[in-house]
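1. Structure for this input, please:
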Amino acid sequence: MTEVYLFDWGDTLMVDLPGLPGKMCDWETVDAVEGAEEALKYLSRKSKIYIATGAAQSTEADIEVAFSRVGLNMYISGYFCKSNLGIKKGSPEFLSKILQKLGKEPSQVTMVGDNFSKDIEPAIKLGINAILLSNDKKSEPQGNYKTIASLNELCF
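-> Residues are numbered from 1 along each chain as shown. Predicted coordinates for the structure are as follows:
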């Protein structure tokens, strides 16, 4: 059973607009990805939800502000980023440090993200369950992970 879900931030739970400068918490408009609230509400009934993001400019507090602006913060138990882990996302070490802080084994955790190389591949290397959010199932490498096209698919 998954005790903890780690979610990527940009384009997994919140819409990332790459042309906008600065931190997402300071953007004039922020939006949740379709199905994000329903999925988090459903999953948080039995599991803890954490954010595992590669956002280089944002602190833990900045990330929480952005999530509060779209009403998702109530489902989230904590935020992991470069500023509070000291490690850049995209390596197994990033996720390993999160496991250590949470006191969890890889088999107790599921990583959900939209980027194969930064979210899914490092999780698989550590033995963490992985779910790729992607509409293009044909272009992703085959492997020991699940692919979903919508966050609503997590509400099973």
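
2. low-confidence ranges in the protein?
-> 137-140 (pLDDT under 70).

3. any chance you could map the helices in it?
-> 36-43, 60-69, 82-85, 92-102, 121-126 (DSSP state H).

4. Look at G19 and say how many residues are nearby.
-> 4 (other C-beta atoms under 10 Å). Bear in mind the C-beta positions are built from the backbone N, C-alpha and C, glycine included.

5. do Y145 as well
-> The burial count for Y145: 20, using other C-beta under 10 Å.

6. Could you double-check that it sits in contact with P122?
-> No - Y145 is beyond contact range of P122, at 11.5 Å (criterion: C-beta atoms under 8 Å).

7. residues in contact with the residue lying closest to K104 once chain neighbours are set aside?
-> Spatial nearest neighbour of K104, chain neighbours left out: V4 (5.6 Å); criterion: C-beta to C-beta, 6 or more residues apart in numbering. Counting by C-beta atoms under 8 Å, 6 or more residues apart in numbering, V4 makes contact with S47, K48, I49, Y50, L102, K104, Q108, V109, T110.

8. count of residues packed around the fifth one?
-> In this case it means L102. For L102, the count of nearby residues is 18 (other C-beta under 10 Å).

9. just the first one next, same as before
-> Number of residues near S47 (other C-beta under 10 Å) recorded here: 17.
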